[in-house]
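Student: Sequence first, predicted model second:
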Amino acid sequence: MSSNTITTKDGTEIFYKDWGPKGGQPIVFSHGWPLSSDDWDAQMMFFLLHGYRVVAHDRRGHGRSTQTDGGHDMDHYADDLAAVVAHLDLEKAIHVGHSTGGGEVAHYIARHGESRVAKAVLISSVPPIMVQTPSNPGGIPKKVFDDLQVQVATNRAQLYHDFPAGPFYGFNRPGANVRQGIIDNWYRQGMMGGAKAHYDGIVAFSQTDFTEDLKKISVPVLVMHGEDDQVVPYADSGLLSAKLVQNGTLKSYKGFPHGMPTTEAATINADLLAFFKA
């Protein structure tokens, strides 16, 4: 076992990064589907240079973590995050989650408590619940996620080109500043992970109901969401999540896409820093 992995109780190796002063306040980043901790490079470097201790892990089945065939659900995701936090003995941590990672953060805090948590940030995040149900009529029809699973199972490589080249970063919008390096990096991260984990992960991020998790969170929560998010629509996610947490602040961004931590890093980082220092 290398020094930058931990082994969970079910034998899964979780890869993590832990950079910066060990006495600095920790910021723990949880990435989106189907990416890895590398998706946080623009945030990790920014906050490292501001004196924070920055930590990010690759979710099980993603990036450099074990391509296990099981445990691709929010309970395991939250418990894996808790295992990293406990291993590094992080106190007063600020947890930042993007997309699926936002669900992971909400479920982690609700499941493991707030004793080690100072604040939380949900960016373009999947809570309260993505899929359309009788109680969530504004959600996305289940068929959309079923079709996504078919694509992962049959032609993942093409999907992992088309998704970042299109809706993820808003590169399908007229006049968009399309950056090939960003598309290539998304593809690289996606293809590092396991198809089984990504297939199962679609159910985890789309069908988990985080409503009760959100209600349990009492630490300050910043909810950041782009109004032009084509992956996790603003009105049914960020807008609702900010009201469900006990101490939430909503910051919305006109025209910003789902992947705004990457394409709009300067704005997002500045707003994160202000929230961390508040």
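Tutor: Good, I have the coordinates. Just so it is clear, the model here is predicted, and its values are computed rather than measured.

Student: For the rest of this, base every contact and every neighbour count on C-alpha atoms.
Tutor: Fine.

Student: all strands for this structure, in order.
Tutor: Using DSSP state E, the strands of the chain run over residues 5-7, 13-19, 26-30, 53-57, 93-98, 117-123, 221-226, 248-253.

Student: Looking at these, which is nearest to Pro141?
Tutor: strand 221-226 (20.8 Å; CA to CA).

Student: Correct me if wrong: Ala197 contacts Asp69.
Tutor: Yes - contact status for Ala197 versus Asp69: in contact at 6.7 Å, counting by CA atoms under 8 Å.

Student: so what's in contact with the two at the same time?
Tutor: Here Ala197 and Asp69 have Gly61 as joint contacts, going by CA atoms under 8 Å, 6 or more residues apart in numbering.

Student: So which of those two has more stuff around it?
Tutor: Ala197 (23 against 13; other CA atoms under 10 Å).

Student: Contact partners for the more buried one?
Tutor: 60-62, 67-70, 72.

Student: Report the buried members of these.
Tutor: 60-62, 67-68, 72 (16 or more other CA atoms under 10 Å).

Student: What count of nearby residues applies to Asn4?
Tutor: 12.

Student: meant to ask about Asn247, not that
Tutor: 15.

Student: hang on, the earlier thing: which among the buried ones among the contacts of Ala197 gets closest to Tyr169?
Tutor: His62 (20.2 Å).

Student: The closest one reaches Pro34, doesn't it?
Tutor: Yes - if you go by CA under 8 Å, His62 and Pro34 touch, sitting 6.7 Å apart.

Student: Between the two, which contacts overlap?
Tutor: Common neighbours of His62 and Pro34 (CA under 8 Å, 6+ apart) are 190, 193, 198.

Student: In helices, which of these fall?
Tutor: 190, 198 (DSSP state H).

Student: Make a markdown table out of the shared contacts of His62 and Pro34 and add distance to Ser206.
Tutor: Output for the shared contacts of His62 and Pro34, formatted as a markdown table (distance: CA to CA, whole Å):
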| residue | distance to Ser206 |
| --- | --- |
| Gly190 | 18 |
| Gly193 | 19 |
| His198 | 12 |
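
Student: So how do I select the buried members of the shared contacts of His62 and Pro34 in ChimeraX?
Tutor: Selection of buried members from the shared contacts of His62 and Pro34 for ChimeraX, criterion 16+ other CA under 10 Å:
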select :190,193,198
